[in-house]
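In: A predicted structure for the sequence below; I have some questions about it.
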Protein chains: 4
Amino acid sequence: MVHIAMLGAGFIGRFYTNSLHGLRSKDRVVSVYSRTEASAQKFAEDYSTPFWTTDLEEAIARPEVHLACIALPNNLHAAAVRLCAKHKKGVLCTKPLGRTAEEGLDMLRMVEEAGIFAGYLEDLCYTPKFLKSKSTIDSGALGRILWARSRETHPGPHSDWFWDKEQSGGGAILDLGCHCVEISRNFIGKDVRPVEVMCWADTQVKPIDAEDHAIGLVRYATGAIAQFEVSWAFRGGLDLRDEVMGTEGTIWINNFLRTGFEMFLSGAGSNYLAEKSESTQGWIFPVGDEIHELGYNAMFTDMLNAWEQQKTPAETFYDGYVVNAILDAACRSAKSRQWEPVALEDWRGLQEVAPISPFREHDQDHWFLAEEHTHDGRRVLILKEKTSGKIVQKTAEA
Amino acid sequence: MVHIAMLGAGFIGRFYTNSLHGLRSKDRVVSVYSRTEASAQKFAEDYSTPFWTTDLEEAIARPEVHLACIALPNNLHAAAVRLCAKHKKGVLCTKPLGRTAEEGLDMLRMVEEAGIFAGYLEDLCYTPKFLKSKSTIDSGALGRILWARSRETHPGPHSDWFWDKEQSGGGAILDLGCHCVEISRNFIGKDVRPVEVMCWADTQVKPIDAEDHAIGLVRYATGAIAQFEVSWAFRGGLDLRDEVMGTEGTIWINNFLRTGFEMFLSGAGSNYLAEKSESTQGWIFPVGDEIHELGYNAMFTDMLNAWEQQKTPAETFYDGYVVNAILDAACRSAKSRQWEPVALEDWRGLQEVAPISPFREHDQDHWFLAEEHTHDGRRVLILKEKTSGKIVQKTAEA
Amino acid sequence: MVHIAMLGAGFIGRFYTNSLHGLRSKDRVVSVYSRTEASAQKFAEDYSTPFWTTDLEEAIARPEVHLACIALPNNLHAAAVRLCAKHKKGVLCTKPLGRTAEEGLDMLRMVEEAGIFAGYLEDLCYTPKFLKSKSTIDSGALGRILWARSRETHPGPHSDWFWDKEQSGGGAILDLGCHCVEISRNFIGKDVRPVEVMCWADTQVKPIDAEDHAIGLVRYATGAIAQFEVSWAFRGGLDLRDEVMGTEGTIWINNFLRTGFEMFLSGAGSNYLAEKSESTQGWIFPVGDEIHELGYNAMFTDMLNAWEQQKTPAETFYDGYVVNAILDAACRSAKSRQWEPVALEDWRGLQEVAPISPFREHDQDHWFLAEEHTHDGRRVLILKEKTSGKIVQKTAEA
Amino acid sequence: MVHIAMLGAGFIGRFYTNSLHGLRSKDRVVSVYSRTEASAQKFAEDYSTPFWTTDLEEAIARPEVHLACIALPNNLHAAAVRLCAKHKKGVLCTKPLGRTAEEGLDMLRMVEEAGIFAGYLEDLCYTPKFLKSKSTIDSGALGRILWARSRETHPGPHSDWFWDKEQSGGGAILDLGCHCVEISRNFIGKDVRPVEVMCWADTQVKPIDAEDHAIGLVRYATGAIAQFEVSWAFRGGLDLRDEVMGTEGTIWINNFLRTGFEMFLSGAGSNYLAEKSESTQGWIFPVGDEIHELGYNAMFTDMLNAWEQQKTPAETFYDGYVVNAILDAACRSAKSRQWEPVALEDWRGLQEVAPISPFREHDQDHWFLAEEHTHDGRRVLILKEKTSGKIVQKTAEA
């Protein structure tokens, strides 16, 4: 049984607690901090939490607390980590880790110097579909990874602090891109160095300083390319999709809007409210169990098992730092309009990787180009002669 | 923490245990029974189960056991329940409850007379999509339920005993129909009496005595109709779909083959094996987390919470008995080629229900028939005059 | 170039003409009949039709007319066919052919005795997906056909005469079932005799004499079973789906509501109206080209080519008669609550067919039952010993 | 009736002719040119074409020819157009128009100076889903367009000349990007100037000089962004998808791999071959009617109607030239790694357009930011005070 201090009693703190207390869990939130008294007290009542406070350090320092879980606006992450380090409590930090790579690296150093357990709460790297995709990719079934697309768009965040750059540290890139970047990075391989980023960003529909829409390309050392698409301007709900292309296969994931669950409501019955849906009648696409589908259950299982067994969880502060470094490059690129290098002063992955190779041997004399089964039952092979470089077409019976 | 005796160490017993021990669960299987020593011993090793035996009563009677979980062939359910009643242990029984309503009723009486806790392990009434659908229907959003379709088909069961009518008690109707019937019954309302059943069944592709394909219609007291489609002859994997029509809406559920997760594999990478899939290359449709998606986690949560809190779980032995009675009628109908009444000597639901009414008032003088928006932007209303019964068409601007 | 008399200027007459005149067609409607002068005149203007009339015989008898196309309420089909026979004009008749098999057979005899060309306008047996499915099935790729499901449901017809049993001759069974029955019949094989029908029907939501919801099972001579589901009570648009199961494969067709075309509209932009859709905002599922997707283009191509080449079209009056006979049995069954034989006094298909066989040889000594790849990489085979009838389980490395 | 000279008798020439002669068409190919005698002769036999030749000019110059249709490798387009201009024949040119904008502009000038009819055969701007999407967008239903994604990827072209940069003029960008760019341009507005392009390209899996994979961003004068994704390295068939985001809505189009048509084949029946599919067993996703779904029918209808009525078709040589200019910028960008301006020396659209505005008024004092319906039934509004710029959160009952 793990005793957790929940730092933050808002939307995400409650979501985390629903997962931590859910099903037949043995774990419990034993202490809760909120910036406002009313919110802390309400949380404590709803979740039968024995201790609540508006003093951050007090919430962490309680002797019964094993782990603190940071569910606070981005500008408060570092301070909370510092207190965990001071009190030698394990720490779980929501995404993004820092507002910048510099801040992320600071936080990484704090936990490493203090020798405390630290986990990075990147829930979308724990969804059921992600986990199965990752194990499939790791098995080699997709061959070498060429491209990954990760998209998260919706009509805008649900809490006011996201819209205030002071608190949030950025816009859609930081808020949503952190998910997309880490998903693709897992698929391409965490050991493969992200080299450079090109990013377009704009403020198209929201009167804010930060961007509300961005598209970025991240080039990795193997030659693989990752594409992220983030927006607070999407109409239709929460669009959460990933795609991967490998030399031997393809994966398409739809995490939210099309999961085999479809409803039509005339509206004349009672009012039904699907989460993050923009409509309560017509065709609606709910998710069966949002907490599970969004990865929270598997994430906390990994985190708390890792803490108990003194192992490293799948997503660490180091990962959060790498994500921050990629997003920093994206933000720089959005301004400079150049490919910007990913600045990683602390790189722990591979120094050298074999690049993806376009040469696949067909036979001793030819490279393979393409093969197609035609309507009339023949098999067309297009090959390149190794010596002459000439392209030749061969037809065989299928 | 609940201590469970797992009765049966085969496919379903392991599936149950994966769910019971899964995530951050506080519950544990403490005793396991199998008909073969090797199987019991292997299970005990794999799941760190402290006690294993080939003596059914011994597995149940252990003092540390709170609840026994029956994961045995159908012909052994009643005997296991009897032992639980004798030793005053709570009991969870896999589906179907009995092989017949008579057997199901016997089992119901055993647990009621012994005053022990009893739960019916109908996992498909706990899938995330089912639970959200049921709460939506219960809220009234779909209006009155007119029709439900529940389909479960696959290429045939994975264990030999299913194919042996002696052990299984039946074919596809009993094996798969129990799920379909209980799903529809939940959607239409458990209080609504199932009145009669018409069923077609045949042995089309498997050289067995029992049917391998059946379609049944179950008529309920409100006039709602439920349709089940079951087969061991389907090609393409596990087809698990439900549909519901109400006066104000529609729900479509795909639990397995189309859940927003799609893979193409050339086969030249490593071998990937999707569960219950018939192929390991080409387009494959895995499920992210089978245990969760098939309802096991929510089912055991409900069961063990109910046991701890001395409440009634959502699916009880009484439900299992009603399902048996409907399936008995289906089997009789398949032979008699008649609508067969559902014989329920113990009916605990409503005696009277209001039938679905075709009359919906449009205005003081008219019943509503239909409304359509036409291509040229008009709204066509088709009405029936209450007094004359005449059908009239009215056109309005949209 | 074919000159057509369009008999009926309503919704379906216009739909037909859009197809006949569409794309780069060489054919033209040269004469139009409507029961009302205004409607005939309006049609003639819209489609540049040189001749319009409210006299049915006059529309047909015009010397420039090659073919008459019946797009009239069901109770006027027979009279129109009689006039075509009298004037020796080819005739295309909309679905259903007759209101009963007796009427259908009369119409069949009229055209055969007159020696005129006759085509049955069953558009849903000409949709692009249907045609490709049928050629796939005919190639043997699905093995032997075991089951077909055809479903057509929507919130109710768009013209008043459908609701009046006097004019329509029936309810949802006749209006929609004619499509479903002929689709399944094509998949199972037109030469295979439909033997008997079991049908449930009810008037659940519309205050009419005819049924607004029905489910029927049609048993064929091979043992194949066809299932039709028809309703005027569906909420969500036009649900038009077919499924087929064969011993070697499965086909799933969605003709309308899910065709890879999805829109979300907030409603704050201009008003968009999807055909047969129940909503103009939220998620909407339009069809790209309704006329093509619903089969009209391929249908008229087959019909007019057949007329020019003096061949038989794919769908004939004989087919329309067989459909009527099956629907008659369905209507009788809905009342008698019995399996009702399909009365076909004129059967032109096979007298004897080989029934589907459940016996598939695995090796000399065993029948095949099932095969499954397990999680741990083994291949489980379940077989039946030919001599003993015993069921045995064998495990091999995958 | 239009008489067409088909220039090229390969895959695309046959595809075009299937469409031109298809259904009940009044048009005919009367003359065919191929580089090889055998191919010309075979074509003439298959399509009953009265005249065949291996002399390009002869094929065009025939007096009975109204229009020439260029279905040749890219390096032969300009020469063929020149001959059409010389002989004053109308010309339809396959995509891409030129290999570069310079060549495209030359061709545009040739036809304008000769005063001949010219159409650009961009079939994917005529698919049923495209046409309905475009009319929806043009109606204003999506609000202002913010973003469009167009993706075309497959495992590599079917003819050898595509792989030879000499003949093709480029790689995946030119071959597939021409479709994607013109689709997005239509959605954003053809009058809106494409300003600049950023493109990543690589040769990942094919041993060729040209790129086999590219991703590009095209920024338009309104601030809208278009994204194209092209590849000859995709595994799984032909992936042809478009997405559009507007301020008031979203459109998702799947033109090929997921169109509501799904088949599972065990492979033990006869062999079925889906077009451009990589597999003949397992789950297969055919297209009902490829010619119609890919836009050929609507394209030739528009082209030939325009020719007869002396109007401008929807896709012109000018469009082809603009597409070439955008692709040139993409290719430059792939090398320079910079945003490259789209060089359009002949711009015929709007000089000034209103940029997309992020300011949407909520009330007199506030800009709108976001709105969400929460789980507990409240409606949360996030607004920005116009004067202070402060972000405020308001909660109302839903």
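Out: Happy to help now that I have it. Numbers count the residues shown, from 1 in each chain, chains lettered A, B, ... in the order given.
In: could you list every residue that touches A:Ile208?
Out: A:Ile208 is in contact with A:163, A:165, A:171, D:358, D:369, D:384, counting by C-beta atoms under 8 Å, 6 or more residues apart in numbering or on different chains. C-beta: built from backbone N, CA, C; applies to glycine.
In: List phi and psi for it.
Out: phi -130, psi 170 (degrees, to the nearest 10).
In: what's the pLDDT at it?
Out: On the pLDDT scale, A:Ile208 is placed at 93.
In: try A:Thr374
Out: Per-residue pLDDT puts A:Thr374 at 69.
In: And for A:Asn271?
Out: At A:Asn271, pLDDT is 69.
In: show me where pLDDT drops low in the stretch 1-150 of chain A?
Out: Under the criterion pLDDT under 70, no range of the stretch 1-150 of chain A is flagged.
In: same check, this time on the stretch 201-350 of chain A
Out: A:271-276.
In: From chain C, how far out is the residue of the stretch 201-350 of chain A found nearest chain B?
Out: The stretch 201-350 of chain A approaches chain B most closely through A:Gly288 (2.6 Å), counting by C-beta to the nearest C-beta. Taking C-beta to the nearest C-beta, to the nearest Å as the measure, A:Gly288 falls 18 Å from chain C.
In: Just name the closest of the contacts of A:Ile208 to chain B, please.
Out: Nearest to chain B among the contacts of A:Ile208, with distances taken as C-beta to the nearest C-beta, is A:Gly171, at 27.6 Å.
In: What does the closest one show for phi and psi?
Out: According to degrees, to the nearest 10, A:Gly171 has phi -110, psi -140.
In: count of residues packed around it?
Out: 28 (other C-beta atoms under 10 Å in any protein chain shown).
In: Find the nearest non-adjacent residue to it, please.
Out: Nearest-residue entry for A:Gly171: A:Ala210, 2.7 Å, with adjacent residues in sequence omitted and distances by C-beta to C-beta, 6 or more residues apart in numbering or on different chains.
In: go on, A:Asn324?
Out: Nearest to A:Asn324 is A:Gly104, by C-beta to C-beta, 6+ apart, at 3.8 Å.
In: Go ahead and confirm that neighbour touches A:Asp319.
Out: No. Contact criterion C-beta atoms under 8 Å: A:Gly104 and A:Asp319 do not qualify, at 9.7 Å.
In: Where do the strands of the stretch 251-398 of chain A begin and end?
Out: In the stretch 251-398 of chain A, strands defined by DSSP state E, counting those that start in this stretch lie at A:261-265, A:282-284, A:340-341, A:361-363, A:366-373, A:378-385, A:391-397, listed in chain order.
In: show me what contacts whatever residue of the stretch 51-200 of chain A ends up closest to chain B?
Out: Of the stretch 51-200 of chain A, the residue with the smallest distance to chain B, taken as C-beta to the nearest C-beta, is A:Pro128 at 2.6 Å. The neighbours of A:Pro128, taking C-beta under 8 Å, 6+ apart as the test, are A:292-293, A:295, A:298, B:287-289, B:292-293.
In: how much space between it and B:Phe261?
Out: 8 Å (C-beta to C-beta, to the nearest Å).
In: Could you name every residue contacting both of these two?
Out: Common neighbours of A:Pro128 and B:Phe261 (C-beta under 8 Å, 6+ apart) are B:287-288.
In: can I get the strands of the stretch 251-398 of chain A in TSV with distance to chain C?
Out: Formatted as TSV, the strands of the stretch 251-398 of chain A follow (distance: least, C-beta to the nearest C-beta, whole Å):
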stretch	distance to chain C
strand A:261-265	3
strand A:282-284	3
strand A:340-341	34
strand A:361-363	28
strand A:366-373	15
strand A:378-385	18
strand A:391-397	18
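In: could you dump those strands to JSON lines with mean neighbour count?
Out: Formatted as JSON lines, those follow (neighbours: other C-beta atoms under 10 Å in any protein chain shown):
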{"stretch": "strand A:261-265", "mean neighbour count": "25"}
{"stretch": "strand A:282-284", "mean neighbour count": "24"}
{"stretch": "strand A:340-341", "mean neighbour count": "17"}
{"stretch": "strand A:361-363", "mean neighbour count": "12"}
{"stretch": "strand A:366-373", "mean neighbour count": "20"}
{"stretch": "strand A:378-385", "mean neighbour count": "17"}
{"stretch": "strand A:391-397", "mean neighbour count": "13"}
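In: nearest to C:Leu344, of the ones you listed?
Out: With C-beta to C-beta as the criterion, C:Leu344 lies closest to strand A:261-265 of these, at 39.2 Å.
In: Pairing partners for the closest one, with directions?
Out: Sheet pairing here is set by DSSP bridges, and for strand A:261-265 it gives strand A:282-284 (antiparallel), strand B:249-254 (antiparallel).
In: how about the strands in the stretch 51-200 of chain A?
Out: A:51-53, A:67-70, A:90-94, A:118-121, A:145-153, A:194-202.
In: Turn those strands into a markdown table, including mean neighbour count.
Out: Formatted as a markdown table, the strands of the stretch 51-200 of chain A follow (neighbours: other C-beta under 10 Å):
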| stretch | mean neighbour count |
| --- | --- |
| strand A:51-53 | 19 |
| strand A:67-70 | 27 |
| strand A:90-94 | 26 |
| strand A:118-121 | 27 |
| strand A:145-153 | 25 |
| strand A:194-202 | 23 |
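In: In JSON lines, list these along with distance to D:Met198.
Out: Formatted as JSON lines, the strands of the stretch 51-200 of chain A follow (distance: least, C-beta to C-beta, whole Å):
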{"stretch": "strand A:51-53", "distance to D:Met198": "50"}
{"stretch": "strand A:67-70", "distance to D:Met198": "36"}
{"stretch": "strand A:90-94", "distance to D:Met198": "32"}
{"stretch": "strand A:118-121", "distance to D:Met198": "31"}
{"stretch": "strand A:145-153", "distance to D:Met198": "17"}
{"stretch": "strand A:194-202", "distance to D:Met198": "6"}
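In: okay if I get those as TSV plus distance to chain B?
Out: Shown next, in TSV, are the strands of the stretch 51-200 of chain A (distance: least, C-beta to the nearest C-beta, whole Å):
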stretch	distance to chain B
strand A:51-53	21
strand A:67-70	13
strand A:90-94	14
strand A:118-121	14
strand A:145-153	11
strand A:194-202	24
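In: which one of these lies closest to chain C?
Out: That would be, of those and by C-beta to the nearest C-beta, strand A:145-153, which comes in at 11.9 Å.
In: ok, A:Leu327 - contacts?
Out: Contacts for A:Leu327 (C-beta under 8 Å, 6+ apart) come out as A:96, A:101, A:170, A:173-174, A:177-178, A:181.
In: what does A:Leu146 give?
Out: Here A:Leu146 is in contact with A:224-225, A:245-247, A:356, D:204-205, D:213, D:231, D:233 (criterion: C-beta under 8 Å, 6+ apart).
In: and those, which of them are in strands?
Out: Among the contacts of A:Leu146, the ones falling in strands (DSSP state E) are A:225, A:245-246, D:213, D:231.
In: Tell me the most packed of those, by neighbour count.
Out: Ranking these using other C-beta under 10 Å puts A:Met245 first, with 30 neighbours.
In: where's it relative to chain D, distance?
Out: For A:Met245, the distance to chain D (C-beta to the nearest C-beta) stands at 6 Å.
In: repeat for A:Gly90
Out: 30 Å.
In: what's the answer for A:Leu131, then?
Out: In terms of C-beta to the nearest C-beta, A:Leu131 sits 22 Å off from chain D.
In: what about the closest residue in space to that residue that isn't next to it in sequence, how many neighbours?
Out: Nearest residue to A:Leu131, sequence neighbours excluded (C-beta to C-beta, 6+ apart): A:Ala298, at 6.3 Å. The number of residues packed around A:Ala298, counting by other C-beta under 10 Å, is 24.
In: picking up where we left off before, run a quick neighbour tally on the residue nearest to A:Gly171.
Out: Neighbour number of A:Ala210 under other C-beta under 10 Å is 22.
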